[in-house]
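Student: coordinates only, sequence not included:
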């Protein structure tokens, strides 16, 4: 017999002949309410744990019964069982056989449920399974609790939570309505093995007793041991951790190890996390070092309605300042403050800041702190600076605005050569409506910067050894800028640039595409250059004002030819671009701060202005021509080819003018007819990609720049290789040809194991000058990663390269702890 009923409050107007039925319904309701309350309150308080054994997790769960219907939460309770018994003599109500209950989103299954109205205790036994509204599943064999859920016990308890944490115990006893003690408990955040559920999880923590404090939401492990794949690896007499429901909890975090240096000694960090309030918290991390004493570190974080900010502070009273003799660290107290924040004004605007303040510029690098450590972990072995800035950014549908003031803090002691920018502003906008049938856009840039000392870059071995960069102009050896470059001016530099552009495309009846364009750009410049040694060899010192205007008129022509065949289609498109404009005003006679890099290739062949920044502007008449081909195979992928050349038609060639950084010289554009540039890309399928980018001398066809790259991505592994060949560029400080190979790859060794590596081979010197080796394991509950990096840092002018090393190790147990160790060093 199957009994199923929905329970609701009994009517006070029930007829006497229904008294017996009402009594039964009331008893049934009492039974159901007790069970539902048990499952909602009692089991939730027990924590997160199914059938368990003292040896670890087993997943031999009973076959699930048909689930009761999911009915709306209308305070009705559905009770279903093979048989319901009423013992009026002993005041007991029993539901026997495939008992199923559903109440307020919680479902319960058991073989038998008994409620004793005299002792007010509820007893359930046999394949108990409870699923609450949050998705947590609780299993047990026997459950006996008082109806107020303050006392009782559960045998063979196992709970799976929605966030995939699991706890099991042979027995759980609850007392005082607050504490639950798990005997022979086991905890893990790892999912069971799909192929063999009886197999131990990747990691688990066992304890002879695990005490769950429901008020403080803490788990206390007594006589605990950590196991990996069922093998004990560590023993602890006692440790505690927040229960899985806690996202933020005050307490000590995983200790960390600081390898240290000869000046600092090695050390240990013991972080303490303080959950002050739901919207802000703090972390205190004292580092105890063998030579310098205690380094205090603290971080405060707060999240507000429209953003968040954080502040880090550091300080140490060094026990042995003499360990840094002759260095900035030779002082008793050292410290610093670091802060960052970002806030939303609305859905389009944000403002924020980054700030760093130090007692001395070597503090972060000596103690491997904050931004220095973050950059090192990103494989940048020798970070050189930290950034302090205040910014405001807005992004519209077709517009962008950004203004910021920037202070660069040098880690290398060259602070006087680093500029202070206050501010730099960028704004661009594209009109939403056409003007004269074409698209109109405009952009502006404003910058004001100050630098105390000049930044010279010797580009020859002679200049690097004899100090020619600061020589007087009368010195016959000071043929500047053939010996040195002036990377940064001393003094104050201010520039305001604005540019407006109109362009429109026409397609005639023959399919030819004509795109006329018109633009005008104006730059207002003020430079107050200090008269420091060597600067006058490059620029006039003192106050200089300049107004530079560059109007431009041009026409671009394209004529695509399409040929369709049974095997695919080919599109061949000749492209020609003619640009008419006057010469660049003040070419080579003004500072160049933001346009020092120029690589001529197919990506900027058809750029109207090929300079990378605003401090230089391309002038004179120019023609850019080329042909582009795209072939699409039905079953063979895609081939894209672009080949072209640029011609100086009339006027001054801006790329042939030597400025303070020789930008444009040795670029391939300094001649009337430029070098040839080409690119080829071939993708036969989603697995393989091949590309070649090259620049050839216009007369001899000698290779000036060549990059060939191949990539392959498979299900379990990927590999890439790039060959680079770069001709000497003596005017930029590269005195010899550079040639090398960079190869990298990764392989999925197993389901969660990945190994990565890369190597850079200098073919000219015939040695390996960089390699990275790493391996890692990542799954839903465990992270293990190790990396080793070795690299040479090169500078121009024949300076010997600097060798750097970095070692990184990361270990993480979900819900328990995460830690990492990083070490960086230079030298052999």
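Tutor: Looks like it came in fine. Predicted model only: the values in this text are computed from it and were never measured.
Student: what's the first-to-last distance across stretch 600-609?
Tutor: Stretch 600-609 has an end-to-end distance of 12 Å (CA to CA, to the nearest Å).
Student: need the contact partners of it.
Tutor: Outside stretch 600-609, the residues that touch it by CB atoms under 8 Å, 6 or more residues apart in numbering are 517, 519, 552, 554, 556, 575, 577, 579, 610, 617-618, 624, 626, 642, 644, 646, 667-669, 674-675, 677-679, 693, 695, 705. Yep, even glycine has a C-beta here, placed from its N, CA and C like the rest.
Student: let's see it at 6 Å
Tutor: By CB atoms under 6 Å, 6 or more residues apart in numbering, the list of residues contacting stretch 600-609 from outside reads 577, 610, 618, 624, 626, 642, 644, 667-669, 677, 679, 693.
Student: same check on stretch 716-730?
Tutor: By CB under 6 Å, 6+ apart, the list of residues contacting stretch 716-730 from outside reads 666, 703-712, 734, 736-748.
Student: give the buried residues for it.
Tutor: 718, 720, 722-727, 729 (16 or more other CB atoms under 10 Å).
Student: next one: stretch 744-754
Tutor: Within stretch 744-754, the residues that count as buried by 16+ other CB under 10 Å are 744, 746, 754.
Student: show the pLDDT at the closest residue in space to the first one that isn't next to it in sequence.
Tutor: Taking CB to CB, 6 or more residues apart in numbering as the measure, residue 744 lies nearest to residue 758, with 3.6 Å between them; neighbours along the chain are not counted. Reading off the confidence values, residue 758 has pLDDT 90.
Student: for residue 53, same thing?
Tutor: Residue 53 is given a pLDDT of 35.
Student: show me where the stretch 301-450 of the chain has strands.
Tutor: Applying DSSP state E, counting those that start in this stretch to the stretch 301-450 of the chain gives strands spanning 307-317, 333-344, 349-358, 385-395, 399-410, 420-430, 439-451.
Student: and the third one, what's its mean pLDDT?
Tutor: Right, strand 349-358. Per-residue pLDDT over strand 349-358 has a mean of 95.
Student: packing partners for it?
Tutor: With contacts defined as 3 or more CB pairs under 6 Å, 6 or more residues apart in numbering; DSSP states H and E, the packing partners of strand 349-358 are strand 333-344, strand 385-395.
Student: restricted to buried residues, select the contacts of stretch 716-730 in ChimeraX.
Tutor: To isolate the buried members of those in ChimeraX, using 16+ other CB under 10 Å:
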select :666,704,705,706,707,708,709,710,711,734,738,739,740,742,743,744,746
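Student: report how many residues lie close to the residue nearest to residue 744.
Tutor: Close neighbours of residue 758, defined as other CB atoms under 10 Å, add up to 17.
Student: hey, what's it bridged with?
Tutor: Per DSSP bridges, the residues bridged to residue 758 are residue 744, residue 772.
Student: quick one: it from residue 563, how far?
Tutor: Counting by CB to CB, to the nearest Å, the gap from residue 758 to residue 563 is 41 Å.
Student: from residue 564, how far off is residue 632?
Tutor: Applying CB to CB, the value for residue 632 to residue 564 is 10 Å.
Student: what of residue 451?
Tutor: Using CB to CB, we find residue 451 at a distance of 60 Å from residue 564.
Student: quick revisit: just the buried residues of stretch 744-754 now: which is nearest residue 240?
Tutor: Distance to residue 240 across the buried residues of stretch 744-754 (CB to CB) is lowest for residue 754, with 33.4 Å.
Student: which parts of whatever helix or strand the closest one lives in are buried?
Tutor: Per DSSP states H and E: residue 754 is located in strand 753-762. For strand 753-762, burial by neighbour count (16+ other CB under 10 Å) applies to 754, 756-762.
Student: between those residues, which is closest to residue 446?
Tutor: Distances from residue 446 to those, taken by CB to CB, are shortest for residue 760, at 39.7 Å.
Student: leaving out the residues flanking it, which one is nearest to residue 393?
Tutor: Nearest non-adjacent residue to residue 393, counting by CB to CB, 6+ apart: residue 402, 4.7 Å away.
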